[in-house]
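Student: Sharing a model that was predicted from the sequence below.
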Amino acid sequence: MRLLPLTEGLHSAEAFSRPYLESFLELVRSIERSPLRYANALDGYLIATVFEEPSTRTRLSFEAAAHRLGARVISISDPRSSSSVKGETLSDAARVMGGYADLLVWRHPRDGASRRAAQVAGVPVINGGDGRLGHPTQTLVDLSMLHQKWGVIEGKTVGILGDIQNGRTARSLAWSLAVLGARILLLPGSGLDWEPGFENRLMHRFAYRLKRVRHPLIQEWTGNPEARMLEPKGLVQGELFGVGTSALHGLDALYLTRLQEERGAKAHRGGYPGITVEQLKDPLLQDTLLLHPLPRRDELPVAVDEDPRALYFEQANMGPRVRQAVFLSLLCPEKVDLPALNPLPSGNPEHFLASCPNKNCITHAEGLRPPWRVEGKGKRIFLCSFCDVPLEAPYVGCLSSRKVHPAYSPLVQQIRPENLVPFQTRDQAEKEDYSWGGG
Ligand code: NCD
């Protein structure tokens with residue numbers, strides 16, 4: 001069995017570099033201008049779409065894209081009709097499906113599922129949505145819409161409203177906006193904010209800073225007078241930064257999301273935030289593009305549909321074009337000449353932690369111990385390689401010196417990343433022949 005690294009397929013927005021996204025968005029434009037240019041590009045290919053959660057747009061737009069490129073498609077569209085209801089693991093199913101098709105598109109309720117499928121399938125896997133973790137191709141749709149309207153996304157301000165704790169589209173979009181250098185205004189509903197670990201990682205990776213902004217609409221939406229704005233340190237401010245909160249003057253786009261009830265989310269005190277026709281009269285929203293990955297609930301009333309700022313149906317219509325570009329980039333890269341996707345930093349297959357703290361991680365359902373990967377230059381953060389959740393590792397060893405130190409020790413900062421070995425207890429390290437190095 002092939003273990004990490006996961007270089008094949010598209011699993012996470014962390015695979016996107018700025019050159020990749022910029023070329024990708026141009027490719028989508030070129031497909032839009034000449035829809036027949038790649039009409040036979042995937043002749044002879046067989047693509048499987050395996051959807052273990054409900055889907056309308058994502059699955060059908062992948063299938064429409066495959067047909068438009070000349071590929072054939074086999075599909076599991078009803079989660080109840082797959083062998084997972086008989087208790088089959090994702091690993092077994094992916095291994096078999098990889099023998100049937102040249103590429104798999106997989107949607108699954110567990111975080112990290114597409115990465116696991118890619119380890120065993122032997123063919124590229126595209127993440128069609130995995131648990132709360134990510135939905136990278138929806139993000140490509142979202143960005144394509146913004147790119148069509150603005151050309152350049154860098155420096156724009158995009159608000160993300162609603163259930164950002166459980167909404168995978170929100171996480172993938174936020175990460176990708178940071179790749180492109182946009183400002184991200186976080187507008188979580190009460191009790192529906194994401195965990196600080198994700199945001200800290202984003203800020204660190206892209207050298208972003210946190211600013212607090214206020215506006216009466218922020219109070220109406222979130223119940224808080226102010227909200228967090230993440231922005232690149234390099235952006236010209238025109239104002240002194242760092243003291244108190246500043247008034248929010250403009251919002252270029254507002255990305256609405258639904259409450260993810262199937263992931264246990266509940267609207268808290270004050271209800272769930274959405275947009276109203278009345279709010280659309282506020283000068284703040286005068287030129288704000290309204291996006292939504294759909295399906296919508298009450299957060300986006302139909303009365304808004306005829307408003308020229310409402311772009312969500314146009315956005316959804318971009319799905320097949322965008323997914324054509326995704327297939328082309330993975331199956332015939334020589335035809336489209338895109339920069340490579342970033343490989344996800346791989347875990348060390350020799351070292352595992354006992355278990356991942358994220359109960360929804362795919363490792364729990366598949367009986368896997370999580371290999372870790374490491375981030376951060378100063379303090380090292382160990383993450384589950386499948387679901388990116390930080391792992392508890394109070395002791396850290398060095399593979400070459402065979403010494404173990406407390407995680408906070410400055411000595412740990414000197415260990416080269418490939419030599420780092422996390423331990424949950426000192427005992428565990430000593431059992432593996434590491435001697436105490438102090439610190
Ligand atoms: C999203 C999803 O499945 O995460 N839907 C989609 O792909 N357009 C958003 C959602 O279901 O809320």
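Tutor: Noted; the coordinates are in hand. Numbering: from 1, shown residues only.

Student: Which positions within the lowest-mean-pLDDT helix or strand in the chain qualify as buried?
Tutor: Among the helices and strands of the chain, strand 372-375 carries the lowest confidence by mean pLDDT, DSSP states H and E, at a mean of 83. For strand 372-375, a neighbour-count test (16 or more other CB atoms under 10 Å) marks Trp372, Arg373, Val374, Glu375 as buried. C-beta here means a position set from N, CA and C on the backbone, and glycine is covered the same way.

Student: Please look at the third one and Asp388 and confirm they touch.
Tutor: No - when contacts are counted by CB atoms under 8 Å, Val374 is not listed as touching Asp388 (12.0 Å).

Student: hey, C-alpha coordinates of the least confident helix or strand of the chain in CSV?
Tutor: What follows is strand 372-375, C-alpha atoms only, in CSV (Å, rounded to 0.1, in the frame of the first residue of the first chain):
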residue,chain,number,x,y,z
TRP,A,372,1.6,13.7,11.8
ARG,A,373,2.9,16.6,9.8
VAL,A,374,4.7,19.6,11.2
GLU,A,375,4.2,23.3,10.7
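
Student: how much space between the spatially most central residue of the chain and Arg95?
Tutor: Taking CA atoms, centre = their mean, the centroid of the chain lies closest to Ser172, which sits 2.8 Å from it. Going from Ser172 to Arg95 by CB to CB, to the nearest Å gives 26 Å.

Student: go on, Glu154?
Tutor: 42 Å.

Student: At which residues are the strands of the stretch 251-400 of the chain located?
Tutor: 253-256, 289-291, 372-375, 381-384, 395-398 (DSSP state E, counting those that start in this stretch).

Student: so what's the closest residue in space to Ala41 that isn't next to it in sequence up against?
Tutor: The spatial neighbour of Ala41 that comes closest, neighbours along the chain excluded (CB to CB, 6 or more residues apart in numbering), is Leu69 at 5.0 Å. Leu69 sits next to Tyr38, Ala39, Asn40, Ala41, Leu42, Tyr45, Gln324, Phe327, Leu328 when contact means CB atoms under 8 Å, 6 or more residues apart in numbering.

Student: now swap in Gly98 and tell me
Tutor: Leu104, Val120, Ala121, Gly122, Val123.

Student: Got the confidence number for it?
Tutor: With respect to pLDDT, Gly98 has a value of 94.

Student: what do you get for the one 5 residues further on?
Tutor: Note on Leu103: pLDDT of 96.

Student: Tell me what it is bridged to.
Tutor: Counting by DSSP bridges, Leu103 is bridged to Ile47.

Student: Relative to the ligand, how far out is it?
Tutor: Leu103 sits 18 Å away from the ligand, taking CB to the nearest ligand atom, to the nearest Å as the criterion.

Student: Next one: that residue from Leu10, what distance?
Tutor: From Leu103 to Leu10 the distance is 10 Å (CB to CB).

Student: got it, and Thr58?
Tutor: Thr58 is 13 Å from Leu10, by CB to CB.

Student: Pull up the overlap in contacts between those two.
Tutor: Thr137.

Student: what helix or strand is the residue nearest to Gly438 when sequence neighbours are not counted on?
Tutor: Leaving aside its sequence neighbours, Gly438 sits nearest to His405 (CB to CB, 6+ apart; 6.7 Å). Following DSSP states H and E, one finds His405 within strand 403-406.

Student: before we move on, back to that, helices or strands next to the least confident helix or strand of the chain in the packing?
Tutor: helix 196-206, strand 381-384 (3 or more CB pairs under 8 Å, 6 or more residues apart in numbering; DSSP states H and E).

Student: what helices or strands is the last one leaning on?
Tutor: It refers to strand 381-384. Using 3+ CB pairs under 8 Å, 6+ apart: strand 381-384 touches strand 372-375.

Student: tell me the contacts of Val326?
Tutor: Contacts of Val326 by CB under 8 Å, 6+ apart are Leu10, Ala65, Ile126, Thr137, Leu140.

Student: any idea how far it lies from the ligand?
Tutor: 14 Å.

Student: same thing with Lys211?
Tutor: 28 Å.

Student: wait, doesn't that residue sit right on Ala247?
Tutor: No - judged on CB under 8 Å, Lys211 makes no contact with Ala247 at a distance of 11.5 Å.

Student: So between the two, which is more surrounded?
Tutor: Comparing Lys211 with Ala247 by other CB atoms under 10 Å, the one with more neighbours is Lys211, at 21 against 10.

Student: Confirm that that one sits in a strand.
Tutor: Yes - counting by DSSP: H, G, I helix; E, B strand; the rest coil, Lys211 is found in a strand.

Student: closest point of the stretch 151-300 of the chain to the ligand, which residue?
Tutor: Pro293 (3.9 Å; CB to the nearest ligand atom).

Student: The chain - how does it break down into domains?
Tutor: 9-133+318-336, 137-317, 362-436 (automatic domain parsing).

Student: most tightly surrounded among those?
Tutor: domain 9-133+318-336 (a mean of 20; mean count of other CB atoms under 10 Å).

Student: Now do it: distance from first to last residue.
Tutor: 16 Å (CA to CA, to the nearest Å).

Student: Likewise for stretch 59-78?
Tutor: 11 Å.
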